[in-house]
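In: Sequence first, then the predicted structure:
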Amino acid sequence: MRPTEQIYSDYTTEDFHVWKTLYDRQMPLLKQYACQAHLKAVDTVEFNGERIPNFENIKSILAPLTGWSIHVVPCISPAREFFGFLSRKQFTATCWVRTMAQLDYIEEPDMFHDVFAHIPLISDPSYCRFLEGLGALALEHADDEEALEMIGRFYWFTIEFGLIRENGGLKIYGAGIMSSSGETKHCMGPDCIRKDYDIREIINTPYRNDIIQDTYYIVESFDQLYHSLDDVRALMAARSEKSISIPGNK
Ligand SMILES: [Fe+2]
């Protein structure tokens, strides 16, 4: 059974060793490839390789900055529940650490992904404004599986695997990239497609969560993400109207 609360004294020597190994491997890469907002945020949340982050400490840092908090979950949450937490300014995160044998690949997210990769930007108000809005948008379609699937793609290609233009170059803000050294190098290399942000294409593009991605979308800013929520909302509304007005068209 995975833990449903963080009991700091339960972390083992291997847990600390895994955290330090991953942290020390990933941070030099992120210093080269991550967006400035993320690197600043890593300092804000006081992450380092010596200590597995303490959730109480993170909560006390986030609260005055963005009003967000962490909600511990044992494993990945169903979409409806997950988006509900986002709409209430709570980021769901696991508190267990993968083993040394799982260093390079793990099927389900552990706290190196959920916390190391996601939590720093939860201290950034403009990023959080988008995340909260995304949660609210998903809840508007809570009973529509197909709509939730589309909004899930929107989350996937932005929060998990998004790239951002910065000072004329490309940087990473997606957490799915941040927690993987292989994907960090891959998304900047020649063997993938990098496209300008296109919400219509994104919500109509299925993805696989068990492979390194082949396509990444580039945004100009977190504000662009936030403002695009209205466009996504309009696309979802147009889709609903279409399925109502054309009998048999789902
Ligand atoms: Fe994630």
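Out: Yep, it's here.
In: Residue 16: which element?
Out: In the assignment (DSSP states H and E), residue 16 maps to helix 13-33.
In: how near is the closest residue to residue 161 other than its chain neighbours to residue 65?
Out: Closest residue in space to residue 161, ignoring its immediate chain neighbours: residue 174 at 4.2 Å, by C-beta to C-beta, 6 or more residues apart in numbering. Using the backbone N, CA and C atoms, a C-beta is placed for each residue, glycine as well. Taking C-beta to C-beta, to the nearest Å as the measure, residue 174 falls 21 Å from residue 65.
In: Between those two, which is the more surrounded one?
Out: Legend: neighbour count by other C-beta atoms under 10 Å for residue 174 and residue 65, higher for residue 174 (27 against 15).
In: Residue 89: how many residues sit nearby?
Out: Neighbours of residue 89 using other C-beta under 10 Å come to 17.
In: Ok, residue 53 next?
Out: 22.
In: does it really touch residue 42, like I thought?
Out: No - shown here, residue 53 and residue 42 do not form a contact pair, counting by C-beta atoms under 8 Å, at 10.7 Å.
In: Can you work out which residues contact both of those two?
Out: Counting by C-beta atoms under 8 Å, 6 or more residues apart in numbering, residue 53 and residue 42 have no shared contacts at all.
In: before we move on, the earlier item: which other helices and strands contact the helix holding residue 16?
Out: Secondary structure elements in contact with helix 13-33, counted by 3 or more C-beta pairs under 8 Å, 6 or more residues apart in numbering; DSSP states H and E, are helix 36-44, strand 169-172, helix 181-188.
In: Give me the buried stretch members for the second one, please.
Out: Of all the residues in strand 169-172, those buried under the rule 16 or more other C-beta atoms under 10 Å are 171, 172.
In: cool, and the first one?
Out: Under the neighbour-count criterion of 16+ other C-beta under 10 Å, helix 36-44 has 37, 38, 39, 41, 42, 44 buried.
In: What is the nearest of these to residue 219?
Out: residue 37 (11.9 Å; C-beta to C-beta).
In: which residues sit in contact with the closest residue to that closest one other than its chain neighbours?
Out: Sequence neighbours aside, residue 124 is the residue nearest to residue 37 in space, at 5.4 Å (criterion: C-beta to C-beta, 6+ apart). Residues in contact with residue 124 (C-beta under 8 Å, 6+ apart) are 37, 41, 66, 222.
In: Correct me if wrong: the last one contacts residue 35.
Out: No - proximity of residue 222 to residue 35 does not meet the contact threshold set by C-beta under 8 Å, at 9.3 Å.
In: Now do the shared contacts for the two.
Out: With C-beta under 8 Å, 6+ apart as the test, residue 222 and residue 35 both reach 164, 173.
In: Output the lowest mean pLDDT helix or strand found in the protein.
Out: Lowest by mean pLDDT, DSSP states H and E among the helices and strands of the chain is helix 222-245, with a mean of 88.
In: Can you name the residues in contact with that helix?
Out: Against helix 222-245 from outside (C-beta under 8 Å, 6+ apart): 37, 124, 126-127, 129-130, 133-134, 137, 140-141, 144, 147, 150-151, 154, 158, 162, 164, 173, 197, 199-200, 203, 219, 249-250.
In: Sort out for me which of those are in helices.
Out: Secondary structure from DSSP state H places 37, 126-127, 129-130, 133-134, 137, 147, 150-151, 154, 199-200, 203 of the contacts of helix 222-245 in helices.
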